[in-house]
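Enquirer: The sequence isn't on hand, but the structure is:
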């Protein structure tokens with residue numbers, strides 16, 4: 001386990017070094033750096049990245065780290081809520097469908113997975129806007145809260161701050177703004193979780209140790225959750241990366257004030273500093289996430305082998 005951790009850390013630092021080299025190359029293309037000062041400039045540039053000194057935005061003049069505090073929390077909220085909803089609903093549907101193989105329930109789950117995986121998020125989001133915002137007029141089309149309400153920033157996360165304030169009218173307004181982006185973003189990962197869980201559950205029900213667990217009186221649902229967790233963890237890093245790429249599209253479509261909208265505006269304004277910063281921060285966060293999930297996957301696999309080996 002220690003050797004595995006050391007190899008992952010080595011891979012992390014090597015990849016981070018390559019990422020800083022790529023960003024520094026883009027930085028000198030945008031700026032004016034003399035050839036004989038490339039090494040000192042790179043050391044200075046990498047030091048600023050490590051110390052989170054990203055400079056100021058060329059468009060607004062504000063420190064980029066201050067703008068990050070405004071745009072990253074809404075994205076993190078939407079990602080975590082979407083991951084939680086898709087994880088819970090997807091695993092439940094997958095286990096129910098797998099334990100009732102070839103039944104009407106299983107066909108419903110399979111049809112849901114097939115339909116949700118086939119619909120791109122940019123199309124489903126616009127269809128939801130057309131149906132529920134234009135025709136039925138239940139939900140708002142843009143933003144994460146109405147401009148009529150002023151919510152004090154306690155934690156920086158709107159969902160937490162609204163519930164801390166405790167105003168039911170503001171809570172309802174916030175949930176209405178959250179509903180369509182959350183549903184649009186959760187469809188594809190929910191179908192992925194359900195498909196993986198359904199296939200793993202069907203395979204597990206054919207094994208003798210699962211049948212023995214049934215004879216011991218263990219719950220079918222608990223057995224499914226315990227053994228399917230390993231397959232879910234192994235695919236979780238890919239699901240989260242795909243989820244964030246979809247989140248950028250959802251934020252642009254619903255005008256959600258997150259990093260997707262921030263990056264899009266920066267590209268339109270040719271603000272290279274913000275593009276460099278978001279590339280570094282997102283790349284580093286994905287590297288750390290992959291290392292964490294690999295370690296978690298290894299622990300889950302070893303525990304399952306010890307339990308049933």
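Expert: Perfect, thanks for sending it. These numbers come from a predicted model, not from an experiment.

Enquirer: Which neighbouring elements make contact with the strand or helix carrying residue 20?
Expert: In this assignment (DSSP states H and E), residue 20 forms part of helix 2-30. Contact partners of helix 2-30 among helices and strands, from 3 or more C-beta pairs under 8 Å, 6 or more residues apart in numbering; DSSP states H and E: helix 38-50, helix 272-308. All C-beta atoms are positioned from the backbone trio N, CA, C, and that covers glycine.

Enquirer: now that helix: how far from the chain's centre is it?
Expert: 22 Å (C-alpha atoms, centre = their mean, to the nearest Å).

Enquirer: now swap in stretch 112-124 and tell me
Expert: 17 Å.

Enquirer: First-to-last residue distance for that stretch?
Expert: End-to-end span of stretch 112-124 (C-alpha to C-alpha, to the nearest Å): 14 Å.

Enquirer: List the buried residues of that stretch.
Expert: Buried positions in stretch 112-124, judged by neighbour count with 16 or more other C-beta atoms under 10 Å: 112-113, 116-117, 119, 121, 124.

Enquirer: With stretch 105-113 instead?
Expert: Buried residues in stretch 105-113 (16+ other C-beta under 10 Å): 106, 109-110, 112-113.

Enquirer: Which ones among those residues lie within strands?
Expert: Among those, no residue falls in strands (DSSP state E).

Enquirer: so which of those comes closest to residue 9?
Expert: residue 113 (36.6 Å; C-beta to C-beta).

Enquirer: do you know how far the nearest residue to residue 274 once chain neighbours are set aside is from residue 239?
Expert: Leaving aside its chain neighbours, residue 274 sits nearest to residue 266 (4.0 Å; criterion: C-beta to C-beta, 6 or more residues apart in numbering). Applying C-beta to C-beta, to the nearest Å, the value for residue 266 to residue 239 is 27 Å.

Enquirer: ok, now residue 178?
Expert: 21 Å.

Enquirer: now the helices for the protein?
Expert: 2-30, 38-50, 64-99, 104-118, 121-129, 158-165, 168-204, 208-215, 220-253, 259-268, 272-308 (DSSP state H).

Enquirer: and the buried residues of stretch 105-113 as a markdown table, adding distance to residue 297 and pLDDT?
Expert: Shown next, in a markdown table, are the buried residues of stretch 105-113 (distance: C-beta to C-beta, whole Å; pLDDT from 0 to 100):
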| residue | distance to residue 297 | pLDDT |
| --- | --- | --- |
| 106 | 27 | 89 |
| 109 | 25 | 90 |
| 110 | 26 | 89 |
| 112 | 26 | 90 |
| 113 | 23 | 89 |
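
Enquirer: And those residues, which is closest to residue 231?
Expert: So of the buried residues of stretch 105-113, ranked by how close each gets to residue 231 (C-beta to C-beta), first place is residue 113, at 15.0 Å.

Enquirer: show me the contacts for that closest one.
Expert: Residues in contact with residue 113 (C-beta atoms under 8 Å, 6 or more residues apart in numbering) are 191, 194-195, 198.

Enquirer: least trustworthy helix or strand in this structure by mean pLDDT?
Expert: helix 208-215 (a mean of 65; mean pLDDT, DSSP states H and E).

Enquirer: what's the farthest-apart pair in the contacts of residue 113?
Expert: So, these by C-beta to C-beta: farthest apart are 191 and 198, at 10.3 Å.

Enquirer: Show the end-to-end separation of stretch 97-108, please.
Expert: For stretch 97-108, the end-to-end distance is 8 Å (C-alpha to C-alpha).

Enquirer: Figure out how far that stretch is from the centre of its chain.
Expert: On C-alpha atoms, centre = their mean, the centre of stretch 97-108 falls 29 Å from that of its chain.

Enquirer: low pLDDT regions in this protein?
Expert: 1-2, 4, 30-36, 205-228, 230, 300-309 (pLDDT under 70).

Enquirer: now the angle between helix 272-308 and the helix holding residue 20, please.
Expert: Angle between the axes of helix 2-30 and helix 272-308 is 170 degrees (criterion: axes from the mean of the first three to the mean of the last three C-alpha atoms, to 10 degrees).

Enquirer: can you list the residues that contact stretch 161-172?
Expert: Counting by C-beta under 8 Å, 6+ apart, 145, 149, 151-155, 174 sit against stretch 161-172.

Enquirer: Apply 10 Å and report the result again.
Expert: Contact partners of stretch 161-172, identified using C-beta atoms under 10 Å, 6 or more residues apart in numbering, comprise 73, 144-146, 148-155, 157-159, 173-175, 178.
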